[in-house]
Each structure stands twice: as C-alpha cells, then as structure tokens.
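S.K.: Fold the following.
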Amino acid sequence: MERMCMARFENKVAVVTGAGRGIGLEIAKAFAAEGCKVAVVSRSPGSCGSAAEAINAEFPDSAKSYAVDVADHEAVQALGKEIVADFGAVNILVNNAGVTRDGLLMRMKDEDWDTVLDTNLKGAFNTVKAFQRSMMKAEDPRIINISSVIGLMGNAGQVNYAASKAGLIGFTKSVAKELAGRKVTCNAIAPGFIVTDMTDELNDDQKEAIVANIPLKEMGSPQDIASLTLFLASAEAQYITGQVIASDGGMTM
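M.R.: Numbers count the residues shown, from 1 in each chain. Coordinates of the predicted model:
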C-alpha cells in the first residue's frame, strides 16, 4: 500500500548508467521505489547484475541489467534498441557513468585523458543519441546528466575529469535547447563530495580538509543526489531545463 501512495513514476521507464554501485545504484533504487521500470547499466556484467538483483529483491520485477561500455558508440546504439524492445519508450535517461584517472597535467598520459573524456563526456553523447527518438515519443521525457563541482571549479590533478564534467555542462545546455521543442528537458546535477567507496579510500586528514571547505561541514550522501534526480524527473520540474544544480553543501556558493 505504501508503494502505491508513493508511485510518482508508475508506468515510466528510466535508464541509469553507472548504476552498478554508489550514486548510480542509489538513483536506480530510488526510481524503482516509486514505481519505475529501471534499466540498470554499467560496464561490468557482475556489478549491474548484482545491482538489478538487489533492486528486484526489494521491488520485484522493476529492474533489468545491461552491461555496456558507454564509450563504445556502436555498442550503446545496439543497447538502446534492446532496451526499447524490452521496456518500450524511455521516459528518463540518467547519465551517471564516470571514471577518474587523476594525475598532474605534466605527467598525464594520453590514454588517461582519452579514457576519462570518452566515458564521462562521449558516453553521454552516445546514450542521448541512442534514446532521443524514443524519448521524443514518451510522456514527460527527462535527461539528467551527473556532472560535478569539479566541472565548475576545476581541481589540480584532475584536468581530464574537470574538462569532462565541464564539457557535460555545455552538452546539457545545448541538448536542452535542441530538444525543448519536443518537450524533452535536460538538466545537470553537480555533486560535491559524496560518501561513496571512492571517498572511503581517503584518510582522516584528507576527509577533515575536505569537510573544512564545506559550509554545511559534512559530506553528502548518495541519497541526496538520488532525491534531486527524482525531483528533476518529476512533473514538478517540467518547467526546468538547461540548468546546473549543485548539491554540494555550499562549496560553490
């Protein structure tokens, strides 16, 4: 009965990339909790498979896993056809897949630059190309790109990551303008420091230094990003497009 009361996304279909763990998994789970059918996408068959299994254990028959490298254009186009065949028209696309290959520019290898740009930026291009025609025919179509405060601020040792996330913001605004005539909204979320397995690798001194620069004096949670994603995908956000919303505890204000 509780799910029936909360089902804002009943009969909707969401595709979430990078959904095998962390923020992506939390977003996929949040959509399933509100009645959505979710395509759980990640590069690893094991991670997206276990993620979909966990979601289905809590919300039966709501998720299906798909393994693909979002940087592979042809593979993503084939995946798009497969997901549309399985679920029907896609209402919501969340581009969350991302990688880091940190290092100072002076020492950065070409492949580290290419890997990050291909996954974080070209990956979003590939998925939008794969689903945009389906979304134009869907009800309340939404594209939500997960950028980063690093794309707004820059960061030493992350020129590739910053460039990819800043590029994603420009991509978001351009897609919003191109698809507005078809009522497809496109927005970006810029998370700050969020507690995930990546931040768990930081030592206490590093965490303290980070928190000292956050006005709210704490890191965010994946649920914070999932909640904002659901809002941008909801009917309440139908008049919001081309925007970048930071969920960062005040870091960028």
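
S.K.: Tell me the spacing between the residue nearest to Pro45 when sequence neighbours are not counted and Ala52.
M.R.: The shortest distance from Pro45 to any non-neighbouring residue, by Cβ to Cβ, 6 or more residues apart in numbering, is to Ala67 (4.0 Å). Yep, even glycine has a C-beta here, placed from its N, CA and C like the rest. Applying Cβ to Cβ, to the nearest Å, the value for Ala67 to Ala52 is 11 Å.

S.K.: Give me the more crowded residue out of those two.
M.R.: Just comparing Ala67 and Ala52: by other Cβ atoms under 10 Å the higher neighbour count belongs to Ala52, 25 against 17.

S.K.: So the more buried one: helix, strand or coil?
M.R.: helix (DSSP: H, G, I helix; E, B strand; the rest coil).

S.K.: Check it and give its pLDDT.
M.R.: Here the pLDDT value assigned to Ala52 is 98.

S.K.: From Gln223, how far off is it?
M.R.: Taking Cβ to Cβ, one finds Ala52 at 19 Å from Gln223.

S.K.: How about Trp113, nearest residue that isn't a chain neighbour?
M.R.: In this structure, Trp113 finds its nearest non-sequential neighbour in Asn160, 4.7 Å apart by Cβ to Cβ, 6+ apart.

S.K.: so which strand or helix has that neighbour?
M.R.: Counting by DSSP states H and E, the element that carries Asn160 is helix 159-179.

S.K.: now do Val41
M.R.: Going by DSSP H and E, Val41 is in strand 37-42.

S.K.: And that strand, what does it pack against?
M.R.: Strand 37-42 sits against strand 13-17, helix 22-33, helix 45-58, strand 63-67, helix 73-87, with contacts defined as 3 or more Cβ pairs under 8 Å, 6 or more residues apart in numbering; DSSP states H and E.

S.K.: Right, I'll leave it there.
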